[in-house]
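Undergrad: I need the structure of the sequence given here:
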Amino acid sequence: MVTSLNDCKVAILAVDGFEQAELVEPQRALKEAGAQVHVISQKPGQIQGFKHVDKGEKVSVDATFDQVKAADYDAVVLPGGVVNGDAIRLDAQAQAFVKAADQAKKPIAVICHGGWLPISAGIVAGRTLTSWPSLQDDIRNAGGTWVDQEVQIDDNLITSRKPDDLPAFNKALIDALGKRKNAA
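TA: Residues are numbered from 1 along each chain as shown. Next up, the predicted model:
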């Protein structure tokens, strides 16, 4: 594993209703590894996190979807949260960002209900993913294969099921960024 991601820039795409641990834990791990991390959302200011069904902390937004493009980043993180996942999947700019990152083969790390955005962006057909179990029908209906495991890596797509999987999820993301950095 690479010891420093100092030259890496990662976008975390989220809106109100994100699962707090699924945003702040990858954000922390990436920053500790040296990466620059930006929270990208629909509106400036702050977005509301949740701890399951209870309100959690707010997180500051660094930029809005209309201010950035996937080409500006080395990887994308898509946290879950039912409200976040359901709302962000309808955002055309978020969909375009994920499609562009996928076309460029940049790591896209998706956890829990974050899987709805790649489904709506049309990038799961023919791929194997994991997610919160309630998304398995959506993944299959979009042409993907669903598996129940801690981390599933399919090319540039890194997926996990739930907050308990965060240590393995973060490691897989940091490893993928390290490999990408070392190959450049």
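
Undergrad: Name the surrounding residues that touch the biggest helix by length in the chain.
TA: In the chain, assigned by DSSP state H, the helix with the most residues is helix 166-183. Contact partners of helix 166-183, identified using C-beta atoms under 8 Å, 6 or more residues apart in numbering, comprise 1-2, 5, 7-8, 10, 21-22, 25-26, 29-30, 33, 35, 74-75, 77, 106-107, 109, 111, 150-151, 153, 156, 158, 160. Quick note: C-beta positions are derived from backbone N, CA and C, even for glycine.

Undergrad: I'd like to know which of the residues you listed are buried.
TA: Neighbour-count burial (16 or more other C-beta atoms under 10 Å) is assigned, among those, to 2, 5, 8, 10, 21-22, 25-26, 29-30, 33, 35, 74-75, 77, 106-107, 109, 111, 150-151, 153, 156, 158, 160.

Undergrad: Sketch out the helices for this structure, chain order is fine.
TA: Counting by DSSP H, the helices of the chain are 20-32, 82-88, 92-103, 116-121, 136-141, 166-183.

Undergrad: how about the last one as PDB, C-alpha atoms only?
TA: As requested, the backbone C-alpha atoms of helix 166-183 are provided in PDB (Å, rounded to 0.1, in the frame of the first residue of the first chain):
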ATOM      1  CA  LEU A 166     -15.800   0.800   6.500                       C
ATOM      2  CA  PRO A 167     -12.300  -0.500   7.500                       C
ATOM      3  CA  ALA A 168     -12.200  -2.800   4.500                       C
ATOM      4  CA  PHE A 169     -13.900  -0.200   2.300                       C
ATOM      5  CA  ASN A 170     -11.400   2.500   3.200                       C
ATOM      6  CA  LYS A 171      -8.400   0.100   2.700                       C
ATOM      7  CA  ALA A 172      -9.700  -0.900  -0.700                       C
ATOM      8  CA  LEU A 173     -10.200   2.700  -1.800                       C
ATOM      9  CA  ILE A 174      -6.700   3.800  -0.500                       C
ATOM     10  CA  ASP A 175      -5.100   0.800  -2.200                       C
ATOM     11  CA  ALA A 176      -6.800   1.600  -5.500                       C
ATOM     12  CA  LEU A 177      -5.700   5.200  -5.300                       C
ATOM     13  CA  GLY A 178      -2.200   4.100  -4.500                       C
ATOM     14  CA  LYS A 179      -2.000   1.800  -7.500                       C
ATOM     15  CA  ARG A 180      -3.400   4.500  -9.700                       C
ATOM     16  CA  LYS A 181      -0.800   7.000  -8.400                       C
ATOM     17  CA  ASN A 182       2.000   4.600  -8.800                       C
ATOM     18  CA  ALA A 183       1.000   3.700 -12.400                       C
END
